[in-house]
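> I would like to see how this sequence folds:
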Amino acid sequence: MTSKRRGVAVPVAVIGLVVAIGVGTYKLAVSRSYTSDEIPAVKKLGDSVCVVVSESKDYSKLLQAYPRLVIVGAQSIALKSGTADDYRLIETETAEGWIHVVKHLRPEKLVVEDELSPELPAGIERFVKKILTKNEAASYGLEY
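From the prediction side, this is the model:
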């Protein structure tokens, strides 16, 4: 009987040791303290902002000024920034399209032009922290 116990005990001990090392490594990684230089780098980016526009113009300065900004064209307008930031320009065909984009992005701030405000559906507040008109956005320094 002793050899059977020893035959089972060795693999169980090895598995236990591997699990203990894994748990210890995980706890060390989770509890790792970040240096003060790492945290502000993320905070410098600011809030994520989605701007819904209804006219085509050059948005390159706006995209450069706000690294976490996405511009959504509301009515089949051609959006071009002339920079490498074109991936942050999203074109949609209908109001339903830009509303779905906003719901998917879940920005912290949503800026909607005045003529598009009536198209906002009830309950959009669940997907966006703050909804601003173009005039209100200017008070946040977001002018376009």
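> mind checking how far the longest helix along the chain is from the chain centre?
Of all segments of type helix in the chain, defined using DSSP state H, the longest is helix 2-31. Counting by C-alpha atoms, centre = their mean, to the nearest Å, helix 2-31 is centred 39 Å from the centre of its parent chain.
> That helix - what's its average pLDDT?
For helix 2-31, the mean per-residue pLDDT is 75.
> Could you do stretch 55-70 as well?
Here the average pLDDT along stretch 55-70 is 78.
> would you put the C-alpha positions of it in PDB?
Extracted C-alpha coordinates of stretch 55-70, given in PDB (Å, rounded to 0.1, in the frame of the first residue of the first chain):
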ATOM      1  CA  GLU A  55     -21.000  68.800 -42.800                       C
ATOM      2  CA  SER A  56     -17.800  67.900 -44.500                       C
ATOM      3  CA  LYS A  57     -14.800  70.000 -43.700                       C
ATOM      4  CA  ASP A  58     -11.200  69.600 -42.600                       C
ATOM      5  CA  TYR A  59     -11.100  68.100 -39.100                       C
ATOM      6  CA  SER A  60      -7.300  67.400 -38.900                       C
ATOM      7  CA  LYS A  61      -6.600  70.100 -36.300                       C
ATOM      8  CA  LEU A  62      -9.300  68.800 -34.100                       C
ATOM      9  CA  LEU A  63      -8.100  65.200 -34.300                       C
ATOM     10  CA  GLN A  64      -4.500  66.300 -33.500                       C
ATOM     11  CA  ALA A  65      -5.600  68.300 -30.500                       C
ATOM     12  CA  TYR A  66      -7.700  65.500 -29.000                       C
ATOM     13  CA  PRO A  67      -6.000  62.100 -29.200                       C
ATOM     14  CA  ARG A  68      -9.200  60.200 -27.900                       C
ATOM     15  CA  LEU A  69     -11.700  61.900 -30.300                       C
ATOM     16  CA  VAL A  70     -13.700  60.200 -33.000                       C
END
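> wait, doesn't Y59 sit right on L89?
Yes. Counting by C-beta atoms under 8 Å, Y59 touches L89, with 7.1 Å between them. C-betas here are computed from N, CA, C, even on glycine.
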